[in-house]
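Participant: Predicted model follows, preceded by the sequence.
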Amino acid sequence: MAEPKEATPQVEAPKAEVNKTADAVDPKKLSNKELKELKKKEKAAKRAAQKEAIGISPEQQAQIAQQKIEKKKQAATNTNLKKQLNQTLIKDNGTKNRVPSLFSHLETREQRNASSPSISHLVHPSILSLTLKYSSFKIVGSIPRLRSMMEVFKRVIQDYQTPANTTLTRHLTGHLSIQIEYLKTARPLSISMGNAIRWLKQEISHISIDTTDQQAKDSLCQSIDDFIRDKIDLSDKLIITYAANHITNGSNVLTFGHSQVLEDLFKYCVLEQDKKFNLIVVDSRPLFEGKKLLNNLVKTTKNGVSITQDIKITYVLINSLSSTILKDVDCAFLGVHAMLSNGRLYSRVGTGLIAMMCHTRNIPVLTCCESIKFSDKVQLDSVTNNELADCDDLIEDINSKKPPQKKSFALEQFIQQCEAESKDTKTKQPTKKGQANEVKEVQDTNKSPLQDWRNMPSLNILNVMYDLTPPEYIKKVVTELGALPPSSVPVILREYKNT
Amino acid sequence: MSNETFDIKTTYLRFLEEDEDLTMPIAAIESLVTMLRTKQPSTSSELIKLVKSNIDTLKSSISNAISLSAGCDLFMRFVLRNTNLYSDWESCKKNLVENGELFVQRAKDSRNKLAEFGIPFIKDDDTILVHSFSRVVYQLLLKARKEKLIRFRVKVTESRPSGKGYHMAKLLRDADIPVEVIVDNAVGYVIHNVDKILVGAEGVAESGGIINHIGSYQIGCLAKTNNKPFYVVTESHKFVRLFPLAPNDLPTEMSQLLEQSNEQPEDQDLLKTQLIDFTPHEYITALITDLGVLTPSAVSEELIKVWYD
């Protein structure tokens, strides 16, 4: 151990020199701080020397230390996501997201997004892009969401590699769970997606351990294809044939928003059955889903002519759903997000209003719903469980008649940051341009008085996505298993679980 | 047995004529079984085709096909399910005919069985309102009177335009039950003196609502506003896969007679009358069937059990 002795004086020497030159008055006295520093350095040098003696070079040492730090960080990300969720991104939560206290238990978009960066390195790229599509409302509606999710899962399963020392049956479910966890950051899962995921996990657990990975993947993809065919495509066909009986020549039909199966139903009635009827499309802010239905119907052609020749469409907003609109309506078709086991209908907000309005006018309310949307949950009000959409959708662009153009959350954050920075630089600028800035600000305030709503202490904004319709307002639920009254939903659940 | 001369419609009508107690769905099933026995199909696809075509001709040739189609659909379902069970064709065919007969026998027994379930609903000193003529209601009342010696009074609606209430009244009077016939318009007048209402059914829809002789719906409404229990007595083979939303959804033609009516309406205008109507499930207290006493929403459960097992 000759080297350490050499090393210590080397370190000490310059220090002593510095002290000598700087503190000429009191050369012997070292401050406490300096003493500590000195000791630390001595220790470090000793350790380094020890390690070098064993045969590890200083560069390697640095690497090992770095690795240790990284390991610590990773452990943190994998274990306590919740903790991270509170730490990242949103610090001004208190002022920024004020929803009425009745709804404060629901997760806001910011809270959902906060957890995403921590697991993103484990997530398949196609899931990333799907999440983006969900959160920007490029894919809406529970069936389109379900279908796209299953398609993406197929890709995830094909690209999946079983790590060493595990089997596909045991590891794949966990792998999928991570993907799903990430998917949830865009929007909460729909009931149908939840049902499908449960089915898929069961399917995975049924795979025998002896099958090779490729075989297992292929059979899984095959059964996903079958699932989409049976539970969505064929089911829709059956539902449409059942429901088409209620649309007769010359009848007046009312619908709300956009539902894939209802759109197909209206097309089927015109294209296949040559019926002519009147359709009232009721729509609402801020998503304007009814416009999508309008677009799709207008675009559909029959013998080169748009089918609006045969369907006369009236487009109204929900505010104008007065009794004059409802006067001659023969039946109302409503889309479904989920059917709960107490017969209640969980669907886009406003559905309850329409069902009740129709009920008072004695108009039969029908819903078309695949059995995959049935849930064994019971819910008595639409407060306990709901989805909060972005408050800005209600406030921003009040004059716009378009659905809100969503940016991804990360992009929004980035823009906000940039804006804040540019503001800082502006205020730092000399008062030469001050006048011009003032003029601009005046224009801003003219534009919208609620622009600044986040700083108004007494203003709460609520933008919920769903509501609940009690069973007594629904006449009939059309499923692929036949038509039922809403009181018979538990029957479907029981039979469906057996198969 | 001449294969060419077999006609499903005449067989069906003959069965109905021969046996007064036979209901339409059972007659349909029985004639289909007879058809199978005479035609002797040689392959299973031929068999299915044959049954299908016969059902279609039967449905289209008989005007009021609701309860009839219930029987036909049940039989079709039964055939489809059983053809795959047997490996060799001969035993399959034999089994089909035998089981078909068993099925008919069981269906006939069901009226007896449901009377058992229904008896506890009838008490001493009851006044029961009955609409029109129904074999199951008659059987139930008869059993209560003869076997259980329950003393009760019955009011029967005249039930124009078929006038079947008189037939019902006559049968009940013969069975020693005090009975009164009231005009259909008097239901509102008598209803607060009535303890319960019993009606039969042509068919039971998926929602648990019933299709029955015209006038049942208004009695149902009156019963509900007066808080009187409204019971439907029916066999389970009358459950149909049909879900009308309103009476005009019923797939039936106007101006056809329900079954053979004893009394032709003399007035020409009356011929246009609808003869059946639809009573939604919310007006029905319970259905007394051979499966037990069911709430209306249990009907769809039974139907799903039959169709998706």
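Facilitator: The structure has been received and is ready for your questions. Numbering: from 1, shown residues only, chains lettered A, B, ... in the order given.

Participant: neighbours of A:Ser135, just the number please.
Facilitator: When neighbours are defined as other CB atoms under 10 Å in any protein chain shown, A:Ser135 has 23 of them. Heads up, the C-betas are built off the backbone N, CA and C, glycines and all.

Participant: Not counting residues beside it along the chain, what's closest to it?
Facilitator: Distance criterion CB to CB, 6 or more residues apart in numbering or on different chains; nearest residue to A:Ser135, sequence neighbours excluded, is A:Ala186 at 3.8 Å.

Participant: In which helix or strand does the one you found reside?
Facilitator: Element membership of A:Ala186 [criterion: DSSP states H and E] is none; it lies in no helix or strand.

Participant: Could you do B:Val293 as well?
Facilitator: Using DSSP H and E, B:Val293 maps to strand B:292-294.

Participant: in that strand, what counts as buried?
Facilitator: By neighbour count with 16 or more other CB atoms under 10 Å in any protein chain shown, strand B:292-294 contains the buried residues B:Val293, B:Leu294.

Participant: C-terminal to that strand, what's the next element?
Facilitator: Under the assignment DSSP H and E, the closest C-terminal helix or strand after strand B:292-294 is helix B:296-307.

Participant: now that following helix: mean pLDDT?
Facilitator: In this model, helix B:296-307 has an average pLDDT of 83.

Participant: Could you look up the SS state of the closest residue to B:Ser297 other than its chain neighbours?
Facilitator: Leaving aside its sequence neighbours, B:Ser297 sits nearest to A:Ser487 (CB to CB, 6+ apart; 3.9 Å). Three-state call for A:Ser487 (DSSP: H, G, I helix; E, B strand; the rest coil): helix.

Participant: A:Ser487 - how many residues pack around it?
Facilitator: A count of neighbours around A:Ser487, defined by other CB under 10 Å, yields 22.

Participant: Just give the strands next to the helix or strand B:Ile288 falls within in its sheet, each with its orientation.
Facilitator: B:Ile288 is part of strand B:286-289 when elements are defined by DSSP H and E. Strand B:286-289 pairs in its sheet with strand B:230-233 (parallel), strand B:292-294 (antiparallel), by DSSP bridges.

Participant: what would those look like in JSON lines with distance to A:Ser322?
Facilitator: As requested, the strands paired with strand B:286-289 are exported to JSON lines (distance: least, CB to CB, whole Å):
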{"stretch": "strand B:230-233", "distance to A:Ser322": "36"}
{"stretch": "strand B:292-294", "distance to A:Ser322": "41"}
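
Participant: List the buried residues for the longest helix anywhere in chain B?
Facilitator: Using DSSP state H, we find that the single longest helix of chain B is helix B:89-118. Neighbour counts over helix B:89-118 (16+ other CB under 10 Å) mark B:92-93, B:96, B:100, B:103-104, B:107-108, B:110-111, B:113-115, B:117-118 as buried.

Participant: can you narrow the residues you listed to ones near chain A?
Facilitator: Applying CB under 8 Å from any CB of the partner chain to the buried residues of helix B:89-118, one finds that nothing falls near chain A.

Participant: Flag every residue of the stretch 351-499 of chain A that's near chain B.
Facilitator: Residues of the stretch 351-499 of chain A lying close to chain B by CB under 8 Å from any CB are A:364, A:366, A:475-476, A:481-485, A:487-488, A:491-492, A:495.

Participant: if we can go back for a sec, quick check, nearest of the buried residues of helix B:89-118 to B:Ala65?
Facilitator: For the buried residues of helix B:89-118, the residue nearest B:Ala65 by CB to CB is B:Ala107; the value is 17.8 Å.

Participant: ok, the closest one touching B:Pro25?
Facilitator: Yes - the pair B:Ala107 / B:Pro25 is scored as a contact, 7.3 Å apart, by CB atoms under 8 Å.

Participant: so what sits against both of those two?
Facilitator: B:Glu235, B:His237 (CB atoms under 8 Å, 6 or more residues apart in numbering or on different chains).

Participant: For the helix or strand of chain B with the lowest mean pLDDT, C-alpha coordinates in CSV please.
Facilitator: Ranking every helix and strand in chain B by mean pLDDT, DSSP states H and E puts helix B:66-83 at the bottom, with a mean of 81. Extracted C-alpha coordinates of helix B:66-83, given in CSV (Å, rounded to 0.1, in the frame of the first residue of the first chain):
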residue,chain,number,x,y,z
ILE,B,66,-98.9,-16.0,-34.4
SER,B,67,-99.4,-18.9,-32.1
LEU,B,68,-99.1,-21.2,-35.1
SER,B,69,-95.7,-19.9,-35.9
ALA,B,70,-94.6,-20.4,-32.3
GLY,B,71,-95.3,-24.1,-32.7
CYS,B,72,-93.6,-24.3,-36.1
ASP,B,73,-90.5,-22.5,-34.9
LEU,B,74,-90.2,-24.7,-31.9
PHE,B,75,-90.5,-27.8,-34.1
MET,B,76,-87.9,-26.5,-36.6
ARG,B,77,-85.5,-25.8,-33.7
PHE,B,78,-86.2,-29.3,-32.4
VAL,B,79,-85.4,-30.8,-35.8
LEU,B,80,-82.2,-28.9,-36.3
ARG,B,81,-80.9,-29.8,-32.9
ASN,B,82,-81.8,-33.5,-33.2
THR,B,83,-80.5,-34.3,-36.7
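
Participant: Give me the number of neighbouring residues for A:Leu294.
Facilitator: Here the number of neighbours of A:Leu294 (other CB under 10 Å) works out to 18.

Participant: go on, A:Asp310?
Facilitator: Using other CB under 10 Å, the number of residues around A:Asp310 comes to 16.

Participant: give the contact list for it.
Facilitator: Going by CB under 8 Å, 6+ apart, A:Asp310 touches A:Val270, A:Asp274, A:Lys275, A:Lys276, A:Phe277, A:Lys302.

Participant: what are the bridge partners for A:Phe277, then?
Facilitator: Bridge pairing for A:Phe277 (DSSP bridges) gives the partners A:Ile311.

Participant: typed the wrong thing, it's B:Leu129
Facilitator: B:Lys155, B:Ile197.

Participant: Might you report the residue contacts of it?
Facilitator: Going by CB under 8 Å, 6+ apart, B:Leu129 touches B:Val154, B:Lys155, B:Val156, B:Thr157, B:Val187, B:Val190, B:Ile191, B:Val194, B:Lys196, B:Ile197, B:Leu198, B:Ile219.

Participant: out of the residues you listed, which one sits closest to B:Ala169?
Facilitator: B:Val156 (4.9 Å).

Participant: My read is that that closest one contacts B:Ile177, right?
Facilitator: No - counting by CB under 8 Å, B:Val156 stays clear of B:Ile177, with 10.2 Å between them.

Participant: which of the two has more neighbours?
Facilitator: More crowded of B:Val156 and B:Ile177, by other CB under 10 Å: B:Val156, with 26 against 21.

Participant: Quick check: the residue most central in space within chain B vs B:Ser134, distance?
Facilitator: Chain B has B:Glu202 as the residue nearest its centroid, 4.0 Å off, counting by CA atoms, centre = their mean. According to CB to CB, to the nearest Å, B:Glu202 and B:Ser134 sit 9 Å apart.
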